[in-house]
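> Give the three-dimensional model of this entry:
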Amino acid sequence: MGLCWLCGSAESREFLPATVEGRITSTDLKISDSNYGRVARIVECVSCGFRYADPLPTPDLVRLYAGLVDPEYGEGHESRIRPFQRILKRCLDLHPTARTLLDAGASTGLLCLAAQELGLHATGVEPSVWAVEIARNRHHVDVLLGTFPHPALTGKCFDVVTLIDVIEHVSNPTELLGEIASMVVPGGLVVVTTPDAASVAARVMRRKWWHYRVAHVGYFNRETMTRALTQAGLTLERVERYSWVLSVGYIVERLERYLPIGFLRRRIAETGVGRRLFQKAIPVNLLDSLTYYARKRGREATR
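Numbering: from 1, shown residues only. The predicted structure follows:
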């Protein structure tokens, strides 16, 4: 039994038994993965309530992310960028003088692209070779290949650092947040989006909750995330529900995990009206993912 990644306690109880079998590959870590409920053994810390994988599904998650290829996620970037635009506008509301941004775990660079469109100088860091190539060649943004902290960023600081749907993938969340905080200027912002383990959806769906998947090894609620941010020297200022913008076809395909609608979906997709309907993008807020806006202690940003 390992120590809690958040508070260091040795006391934990099993929350979900492992359902992972066999060797884990980069394919298992795809962003668009729909194998909901396929997880490593998840335990809950008796002391602080943080939930984490014990043991990890594989000892070398970082290496596997380098080989990640996810063409399905690479499609439809016009809709996928919209939640990032909302987050960035909120950042500028909270920190109007911000000029520089770092996106840790930048994937295909969409948040960096949205930041550039708002006049920010944006840099990303991403371990997937596939994702970095798309970021650089399709979106023309500056995304460094590798993991955070990246040697090319040594000595640099940023007004805003974003960590969107990343912290649930790492086994060292407090260490990561500490490294993030060290690269933010005093009064700057750290923005973290992650699934909410205390949400109604998580409680009702239990193992079938769509955020229980192989790639997710740590699960926060508001209390445990606030604790993690505080330990990193950050002060939580705002929490918002996160919403996606997804195609109707993508949503319907995911519903097949819960409902016997595969035949109906395929028949609809064969029609011209159906294809147009499935391509339509709509906002989706399942009230089970949160965005945290935290400020580094020190000089307050000009409001």
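> quick one: residue 102 is in a strand?
Yes. Under DSSP: H, G, I helix; E, B strand; the rest coil, residue 102 sits within a strand.
> distance of it from residue 115?
10 Å (CB to CB, to the nearest Å). Bear in mind the C-beta positions are built from the backbone N, C-alpha and C, glycine included.
> Touching both of those two, which residues are there?
residue 122 (CB atoms under 8 Å, 6 or more residues apart in numbering).
> can I assume residue 159 sits in a helix?
No. Secondary structure of residue 159 (three-state DSSP): strand, not part of a helix.
> Quick check: it touching residue 189?
Yes. Checked against CB atoms under 8 Å, the pair residue 159 and residue 189 is within contact range at 7.2 Å.
> For these two, indicate the residue with more neighbours.
residue 189 (26 against 22; other CB atoms under 10 Å).
> Show me what that one bridges to in the sheet.
residue 160, residue 295 (DSSP bridges).
> wait, what's in contact with it?
Counting by CB under 8 Å, 6+ apart, residue 189 has contacts 91, 94, 95, 98, 159, 160, 161, 293, 294, 295, 296, 301.
> redo that, cut-off 7 Å
Residues in contact with residue 189 (CB atoms under 7 Å, 6 or more residues apart in numbering) are 91, 94, 95, 160, 293, 294, 295.
> if I look at the fourth one, how far off is residue 110?
The span separating residue 160 from residue 110 equals 16 Å under the rule CB to CB.
> just the contacts of residue 189 now: which is nearest residue 11?
residue 294 (27.9 Å; CB to CB).
> wait, doesn't the closest one sit right on residue 230?
No. Contact status for residue 294 versus residue 230: not in contact, 8.7 Å apart, counting by CB atoms under 7 Å.
> out of the two, which sits in the busier spot?
Using other CB under 10 Å as the criterion, residue 294 and residue 230 rank with residue 294 on top: 28 against 14.
> how much space between the closest residue in space to the more buried one that isn't next to it in sequence and residue 296?
Spatial nearest neighbour of residue 294, excluding adjacent residues (CB to CB, 6 or more residues apart in numbering): residue 234 at 3.9 Å. Relative to residue 296, residue 234 is positioned 6 Å away (CB to CB).
> anything in contact with each of those two?
By CB under 7 Å, 6+ apart, the residues touching both residue 234 and residue 296 are 181, 190.
> How about the most centrally placed residue in the chain: what's its closest non-neighbour residue?
Nearest to the mean C-alpha position of the chain, by CA atoms, centre = their mean, lies residue 165 at 0.4 Å. Beyond its immediate neighbours in the sequence, the residue positioned closest to residue 165 (CB to CB, 6+ apart) is residue 193, lying 5.6 Å away.
> how about that neighbour, secondary structure?
strand.
> Do I have it right that it meets residue 164?
Yes. Counting by CB under 7 Å, residue 164 is a contact partner of residue 193 at 4.6 Å.
> pLDDT below threshold where in this structure?
Filtered on pLDDT under 70, the chain yields the residue ranges 1, 299-303.
> Show me the helices in it, by range?
Assigned by DSSP state H, the helices in the chain fall at 61-66, 71-74, 77-80, 82-94, 110-117, 129-137, 173-182, 200-205, 222-231, 248-255, 262-269, 272-279.
> mind putting those helices in TSV, distance to residue 8 included?
Shown next, in TSV, are the helices of the chain (distance: least, CB to CB, whole Å):
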stretch	distance to residue 8
helix 61-66	21
helix 71-74	35
helix 77-80	37
helix 82-94	31
helix 110-117	32
helix 129-137	33
helix 173-182	9
helix 200-205	25
helix 222-231	11
helix 248-255	37
helix 262-269	46
helix 272-279	48
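> which of those helices is buried the deepest?
helix 110-117 (a mean of 23; mean count of other CB atoms under 10 Å).
> Tell me which other helices or strands that one touches.
helix 82-94, strand 100-104, strand 121-126 (3 or more CB pairs under 7 Å, 6 or more residues apart in numbering; DSSP states H and E).
> Looking at these, spot the one closest to residue 134.
That would be, of these and by CB to CB, strand 121-126, which comes in at 9.7 Å.
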